[in-house]
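[1] heads up, no residue letters with this:
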């Protein structure tokens, strides 16, 4: 009888481990999907920002109004950079871009006004 109870307890434990594994996999798939959506939104926002900067750059422009649905932009600084080979000074904008709802990504971007080149300096997931 005790062997039968032990086997019943072992089956119950295996069922709960299996249920936790299934739940863990479902959560992982959900977060992977949210992360991929946030990455796609980040790329889309960068493209929109690039287009707006190239076609409509105005020094008085409000960067908070540039973003579309889900894009949050902030002008970090306007800097003067000297090229290593003593070329003329180039104006550069440093912009912070944040996207996403559940999983959020933050990216720092550099826009070189003279060459109209937007590049990502770095990006990071934001955890709360």
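    Arrived safely. The structure displayed is predicted, hence computed values, not measured ones. Residues are numbered from 1 along each chain as shown.
[2] Quick one, grab the pLDDT at the residue nearest to residue 31 when sequence neighbours are not counted.
    The shortest distance from residue 31 to any non-neighbouring residue, by CB to CB, 6 or more residues apart in numbering, is to residue 103 (6.7 Å). The way it works is simple: take the backbone N, C-alpha and C, and place the C-beta from them, glycine included. pLDDT for residue 103: 88.
[3] Run a quick neighbour tally on residue 103.
    Using other CB atoms under 10 Å, residue 103 has 19 neighbouring residues.
[4] what residue is smack in the middle of the chain?
    residue 105 (2.4 Å; CA atoms, centre = their mean).
[5] can you give me the strands in this structure?
    Applying DSSP state E to the chain gives strands spanning 71-81, 90-99, 104-112, 117-126.
[6] Looking at those strands, spot the one closest to residue 3.
    Among the strands of the chain, the nearest to residue 3 by CB to CB is strand 117-126 (50.1 Å).
[7] Show me what that closest one is packed against.
    Using 3 or more CB pairs under 8 Å, 6 or more residues apart in numbering; DSSP states H and E, the elements in contact with strand 117-126 are helix 2-56, strand 104-112.
[8] could I get the strands of the chain as a markdown table with distance to residue 9?
    Converted to a markdown table, those look like this (distance: least, CB to CB, whole Å):
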| stretch | distance to residue 9 |
| --- | --- |
| strand 71-81 | 52 |
| strand 90-99 | 48 |
| strand 104-112 | 44 |
| strand 117-126 | 41 |
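[9] Between those, which one is closest to residue 41.
    strand 90-99 (4.5 Å).
[10] partners of the closest one in the sheet?
    strand 71-81 (antiparallel), strand 104-112 (antiparallel) (DSSP bridges).
[11] ranking the helices and strands packed on strand 117-126 by burial, who's on top?
    Most buried of the helices and strands packed on strand 117-126, by mean neighbour count (mean count of other CB atoms under 10 Å): strand 104-112, with a mean of 18.
[12] Next, the angle from it to helix 2-56.
    30 degrees (axes from the mean of the first three to the mean of the last three CA atoms, to 10 degrees).
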